[in-house]
Each structure stands twice: as structure tokens, then as C-alpha cells.
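A.B. asks: Based on what follows, work out the 3D shape:
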Amino acid sequence: MPSNTQAARRSARAAGYVFPEHLREQAQALPAQPGVYTFHGREGGLPLYIGKSINLRTRVMDHLRTAEEAAMLRQSERISHLPMAGDLGAQLLEAAMVKEQRPLYNRLLRRLPRQFSLRLYRGEISVVNSSEVDLTSTPMLYGIYSSARAAREALRRVADENRLCYSLLGLERLPSGRPCFRSMLRQCAGACCGGETLAEHQQRLADALTLLEIAEWPYAGPVAIEERGEAMRQFHVVDGWFYHGSAKTLAAARRVRRSDPVFDRDAYRILRKGLSLGHWALHPL
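C.D. replies: The predicted model follows:
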């Protein structure tokens, strides 16, 4: 349940709410189709908030009725939008725009200077970051985290859930030949003291990490993902888990400017399941 402090803050925000009549006409004029919308501030038109929806008009009207967003609504002067063929393109474009424009009221999709993963190599587990390895093509990488500490905490959870040894995972130091404290509590299966072999421990670790594994980019190069909606068709250009942009025709998609692909965990999250299940028509570029 929310704390008293959180409830007080919400009440304070709601107390200052007045329906933003200056935005009503703009919101009602938005199309009832998928896309990305931006609330622009009064000072220089800078983006205050960027969002996506499968129905732009309905979603933006919901914002206007939300008392907790009173401060953002008061600062907003206009609303712009970019229509998309469907939810896939809207998700990809929203994530890219938030990282590029850094709007004041967005929090979840800001660009991270480095991304961290767990790497299992020759039986040893380590934390690596995107400046050391190419996350789009390096095998045996598990999970995507915002910090080395978050990666280690994820490894600790894996160890707790599977009775793996902290000392063998590098999570704590232990003199050679001595059992770890968790083994005495039966929270470790005992690879540190002969309760199981190192090979058995390594296999159980590999099995436990499987659900976290980062899939390598499965294509030889860039592809255009075709998305058809009621109002339009688009081709989304993606390479190495990085979204480069969208076009209305396949010919135009081939002309979309592409930089060197950089692993983008938001695009990865959006695309991985659908690509693995063959949800979309693909066109190699």
C-alpha cells in the first residue's frame, strides 16, 4: 500500500488540478489511431512528456483528466503527434524519441551510458559492460542491467533460488577448502566442500541462467519489419537490436539512414519475443 507521504504528495498534486481547457481542442483533433504524442512546454516548445498509444485521441484525453499530472499540463502549450501503423512502431519510436529528446516528465526510457550483463565463460561468471563486449553478438550473456551492482544482485538471486555457492560465483571470499556458511544452512548444495562436483555446480548455474540469456541478433544484417494497420502500412528498419526508423514503402526503408548498430535494451525488449515467434513479415535490406 502507498505510504502516507506518497498519499500526501498525490493529494497536493491533485489539489492544484484544473482541467487544461487550452489543450482540449488539440487533444480532440488527434486521430483515433496508433502513434506517438508529445506535450510541448510553453518555454521554447521543449518536450515535457512523450508517450505512445494505439489510440492517440483517447490516451491524450486521459492525460488531460489526470489530476496527478496537473503540473505537466499547466506547463504544456501544444500537443504534437506522429501517426504509426500499429503498436510495434509506436513502441519503437517512443523509446527512441525519449532517449534522444530527454523530456522532463519521462523517467523509464532515458538512455543509459552503459549497460551491464552477466557472462559465463569457461565455467566462470563475471559482470561485463557494453564498453567491453558487443551485446549484439557476444554469446553466453545473461540479463541486461543498469549497473554492475544490479547485475551482481541478479546473480545473488539466481544463487539463492538454485542453492548455488556464493564463493564459487565470486559473491564472497572463502579460504580454499573451507565450506561456506550457506552450505551449513543447506542454502548451498555444497560444491565448495564436496557436496557436489564443480562440473555439477557449473551445469546447474548454466541451466539457471538460461531464462536470462540475451539472444544474439539472428540476421546477417538489417531487416525491415512490415506492420500493417487500418490507416497505413510501415516498414521498421532494425539492425543488431537497434531501431533506425520507419518508412511507408520498402524502397524508402532501404534509404533510411543507418548508423552503426548499438545494443538498445528497449528495442530488444520490444522485439525479441515477436521475432522469435515469427509474428511479423521481414524483409532483408
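A.B. asks: contacts, neighbours, all on C-alpha from now
C.D. replies: Will do.
A.B. asks: Residue 225 and residue 238, how far apart?
C.D. replies: Relative to residue 238, residue 225 is positioned 8 Å away (C-alpha to C-alpha, to the nearest Å).
A.B. asks: for residue 36, same thing?
C.D. replies: Here the distance between residue 36 and residue 238 works out to 18 Å (C-alpha to C-alpha).
A.B. asks: again, but for residue 92
C.D. replies: Note on residue 92: its distance to residue 238, by C-alpha to C-alpha, is 10 Å.
A.B. asks: Kindly report the same for residue 38.
C.D. replies: Taking C-alpha to C-alpha as the criterion, residue 38 is separated from residue 238 by 23 Å.
A.B. asks: again with residue 187
C.D. replies: 44 Å.
A.B. asks: Which one of the two is surrounded by more residues?
C.D. replies: Residue environment comparison for residue 187 versus residue 238 gives the larger neighbour count to residue 238, 23 against 17, counting by other C-alpha atoms under 10 Å.
A.B. asks: Can you classify that one by secondary structure?
C.D. replies: strand (DSSP: H, G, I helix; E, B strand; the rest coil).
A.B. asks: Report the contact partners of it.
C.D. replies: 222, 223, 224, 225, 244, 245 (C-alpha atoms under 8 Å, 6 or more residues apart in numbering).
A.B. asks: Rebuild those residues as a markdown table, extending it with pLDDT.
C.D. replies: Formatted as a markdown table, the contacts of residue 238 follow (pLDDT from 0 to 100):
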| residue | pLDDT |
| --- | --- |
| 222 | 95 |
| 223 | 97 |
| 224 | 97 |
| 225 | 98 |
| 244 | 97 |
| 245 | 97 |
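A.B. asks: Turn these into JSON lines, including secondary structure.
C.D. replies: JSON lines is the format used below for the contacts of residue 238 (three-state DSSP):
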{"residue": "222", "secondary structure": "coil"}
{"residue": "223", "secondary structure": "strand"}
{"residue": "224", "secondary structure": "strand"}
{"residue": "225", "secondary structure": "strand"}
{"residue": "244", "secondary structure": "strand"}
{"residue": "245", "secondary structure": "strand"}
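A.B. asks: quick one: which of those has the most company?
C.D. replies: Each of the contacts of residue 238 was scored by neighbours using other C-alpha under 10 Å; the highest score is residue 224's, at 26 neighbours.
A.B. asks: That residue and residue 270: what is the separation?
C.D. replies: Note on residue 224: its distance to residue 270, by C-alpha to C-alpha, is 15 Å.
A.B. asks: cool, and residue 182?
C.D. replies: For residue 182, the distance to residue 270 (C-alpha to C-alpha) stands at 38 Å.
A.B. asks: same question, residue 240
C.D. replies: Noted for residue 240: a distance of 13 Å to residue 270, by C-alpha to C-alpha.
A.B. asks: more crowded one of those two?
C.D. replies: Taking neighbours as other C-alpha under 10 Å, residue 240 and residue 270 compare with residue 240 leading, 24 against 16.
A.B. asks: For that one, list the residues it contacts.
C.D. replies: With contact taken as C-alpha under 8 Å, 6+ apart, residue 240 is in contact with 136, 217, 221, 222, 261, 262, 263.
A.B. asks: Let's see the PyMOL selection covering just the buried ones among those.
C.D. replies: Typed into PyMOL, the line below selects the buried ones among these, using 16 or more other C-alpha atoms under 10 Å:
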select buried, resi 136+217+222+261+263
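A.B. asks: Inside strands: which ones of the contacts of residue 240?
C.D. replies: Helix and strand membership here follows DSSP state E; of these, not one is in strands.
A.B. asks: with the contacts of residue 240 in mind, which one is nearest to residue 201?
C.D. replies: In terms of C-alpha to C-alpha, no member of the contacts of residue 240 lies closer to residue 201 than residue 136, at 27.8 Å.
A.B. asks: Many thanks, I have nothing further to ask.
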